[in-house]
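Engineer: no sequence for this one, just the structure:
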Ligand SMILES: C[S@@+](CC[C@H](N)C(=O)[O-])C[C@H]1O[C@@H](n2cnc3c(N)ncnc32)[C@H](O)[C@@H]1O
Ligand code: SF4
Ligand code: SF4
């Protein structure tokens, strides 16, 4: 499978839940984005928009500094209210975005989460949320279902409590994530619902040895698929920043794991990550630059809760804002000359292997 499985599921769900007119627009948007990239213009909007609803989080995972930024940012800025989110969502729809991702921090801490999801669905965009699972209860899972969410991704960084809890720096985090998957499954069955349950795993030196077990665990819990991405040394506010593999034998053993993942993927497609992306893990762990062109800023756009805009999730992580849309609004910002210049400048960037970006880049691989 060349395409990431979750994108196929998106397209399938798009056919099921959106109007025929919206579905008809998909191919035009796909080629519009590609034409925009080639011509350096904003012909069609990003195929995926991301809203980071908060920097706040109940956890402090070892690879993530987002919650460390929360207090400082909150003290200096006013975050969007619900009406302002509605306006941003309207603008994403107006520029031709097909899918929205909800992230954070921990997005389930946001009080207006369900209204935001509902409004995205009202605008006929697909919506996926990534969460650590802590706040999933039978009631919140039911609310998520009723909001019309299409995909819920639970982050799981180990197949054992010991590994996951060490990475997530919390003794209950594994149990909570496992419970969340089970609850989502029950709510789905009870309502005969069609939302997908995805497991999202970041692989580094502390957990790659559990990757195969993670696939088995995800299956046994009734998830629809599992996706992997390499852990990035990308959090500017963390000091202990070293996830690199210790030696040659670690590297060799990780390569074997990657080969096994590719084999499993080819056998039953439960792994949602594309084979093309999995193959790139080897160059990532050898500290090589991304081997394919990046279309960030054309295919993707990230907006945080204070109106800061980033071309990709990696720029959001690295605090490399492209500007603020509070005054101007998203649509005007997207069409601005300033953004045209910025987009052109980062065409040469090969700094990261972030999953959502590389997988969207791969959608255009036959042409660029
Ligand atoms: C920033 S979190 C926000 C959503 C939610 N709090 C969670 O953990 O799922 C989004 C995703 O980024 C991943 N992530 C965080 N730091 C990372 C890093 N340094 N490298 C790669 N992935 C990372 C998390 O594991 C999670 O799957
Ligand atoms: S990865 Fe998610 S759960 Fe962990 S600290 Fe960052 S935002 Fe919180
Ligand atoms: S390579 Fe990574 S950091 Fe660079 S623009 Fe693309 S997604 Fe962003």
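Structural biologist: Nice, thanks for sending it over. Please read these numbers as outputs of a predicted model, since none were measured by experiment. Ligands and ions are numbered 1, 2, ... in the order given.

Engineer: residues in contact with residue 175?
Structural biologist: residue 161 (C-beta atoms under 8 Å, 6 or more residues apart in numbering). Any C-beta I mention is one placed from the backbone N, CA and C, and that applies to glycine too.

Engineer: got the residues of this structure near ligand 1?
Structural biologist: Residues of the chain lying close to ligand 1 (C-beta under 6 Å from any ligand atom) are 57, 63-64, 66, 103-106, 130-132, 155, 200, 202, 229, 231-232, 234-235.

Engineer: Could you rerun that using 8 Å?
Structural biologist: 52, 57, 59, 61, 63-64, 66, 103-107, 130-133, 153-155, 157, 200-202, 204, 229-235, 243, 313, 317, 354-355 (C-beta under 8 Å from any ligand atom).

Engineer: which among these are in contact with ligand 2?
Structural biologist: Okay, of these touching ligand 2 (C-beta under 8 Å from any ligand atom), that's 57, 59, 61, 63-64, 66, 104-106, 130-132, 155.

Engineer: what's the first-to-last distance across stretch 329-338?
Structural biologist: End-to-end distance of stretch 329-338 (C-alpha to C-alpha, to the nearest Å): 14 Å.

Engineer: shaky segments in the stretch 1-150 of the chain?
Structural biologist: 1-13, 15 (pLDDT under 70).

Engineer: how many other residues sit next to residue 311?
Structural biologist: 27 (other C-beta atoms under 10 Å).

Engineer: From ligand 3, how far out is it?
Structural biologist: 6 Å (C-beta to the nearest ligand atom, to the nearest Å).

Engineer: just residue 216 next, same as before
Structural biologist: Residue 216 is 31 Å from ligand 3, by C-beta to the nearest ligand atom.

Engineer: Mind checking what helix or strand follows the helix or strand containing that residue in sequence?
Structural biologist: Residue 216 is located in helix 211-220, with elements delineated by DSSP states H and E. As assigned by DSSP H and E, the chain's next helix or strand after helix 211-220 is strand 225-230.

Engineer: what's the following helix or strand after that next one?
Structural biologist: helix 248-268.

Engineer: gap between the following helix or strand past that next one and the chain center?
Structural biologist: Next helix or strand after helix 248-268 toward the C-terminus (DSSP H and E): helix 275-285. Remark: helix 275-285 is offset 18 Å from the chain centroid, using C-alpha atoms, centre = their mean, to the nearest Å.

Engineer: what does helix 275-285 rub up against?
Structural biologist: 1-2, 4, 203, 228, 230, 245, 251, 254-255, 258, 261-262, 265-266, 271, 290-292, 353, 355, 358-359, 362, 365.

Engineer: what about the helix or strand following it and ligand 2, touching?
Structural biologist: Per DSSP H and E, helix 275-285 leads on to strand 300-304 as the next helix or strand towards the C-terminus. No. With C-beta under 8 Å from any ligand atom as the criterion, ligand 2 is not reached by strand 300-304; the gap is at least 12.6 Å.

Engineer: Mind jotting down where the strands sit in the stretch 51-200 of the chain?
Structural biologist: With DSSP state E, counting those that start in this stretch as the criterion, the stretch 51-200 of the chain has strands at 99-103, 126-131, 151-155, 196-203.

Engineer: Report the strands that pair with the second one, each with its relative direction.
Structural biologist: Listed by DSSP bridges, the sheet partners of strand 126-131 and their directions read strand 99-103 (parallel), strand 151-155 (parallel).

Engineer: One more: the last one?
Structural biologist: In its sheet, strand 196-203 lies beside strand 151-155 (parallel), strand 225-230 (parallel), with partners assigned from DSSP bridges.

Engineer: out of those strands, which comes closest to residue 120?
Structural biologist: Among the strands paired with strand 196-203, the nearest to residue 120 by C-beta to C-beta is strand 151-155 (12.2 Å).

Engineer: now the closest one, how far from the chain's geometric center?
Structural biologist: 9 Å.

Engineer: That strand vs helix 211-220, what angle?
Structural biologist: 140 degrees (axes from the mean of the first three to the mean of the last three C-alpha atoms, to 10 degrees).

Engineer: Mean confidence (pLDDT) on strand 151-155, please.
Structural biologist: Per-region confidence: strand 151-155 scores 98 on mean pLDDT.

Engineer: any residues touching it, and which ones?
Structural biologist: The contact list for strand 151-155 (C-beta under 8 Å, 6+ apart) reads 6, 9-10, 126-133, 136, 144, 177, 180-181, 184, 195-202, 223, 227.

Engineer: same thing but 6 Å
Structural biologist: Here strand 151-155 makes contact (C-beta atoms under 6 Å, 6 or more residues apart in numbering) with 128-130, 132-133, 177, 180-181, 196-200.

Engineer: Let me know whether stretch 100-119 sits next to ligand 3.
Structural biologist: No. Residues of stretch 100-119 contacting ligand 3 under C-beta under 8 Å from any ligand atom: none, with a closest distance of 13.8 Å.

Engineer: Tell me which residues are up against that stretch.
Structural biologist: With contact meaning C-beta under 6 Å, 6+ apart, stretch 100-119 is reached by 49-58, 66, 82, 85-86, 89, 120, 125, 127-132, 135, 143, 147, 149.

Engineer: Could you do stretch 121-137 as well?
Structural biologist: Residues from elsewhere that reach stretch 121-137 (C-beta under 6 Å, 6+ apart): 10, 14, 18, 22, 58-59, 89, 93, 97, 99-103, 106-108, 117, 120, 148-155, 176-177, 180, 183.

Engineer: what's across from the residue nearest to residue 151 when sequence neighbours are not counted in the sheet?
Structural biologist: Among residues not flanking residue 151 along the chain, residue 128 sits closest, at 3.8 Å (C-beta to C-beta, 6 or more residues apart in numbering). Here residue 128 sits in beta bridges with residue 101, residue 151, going by DSSP bridges.
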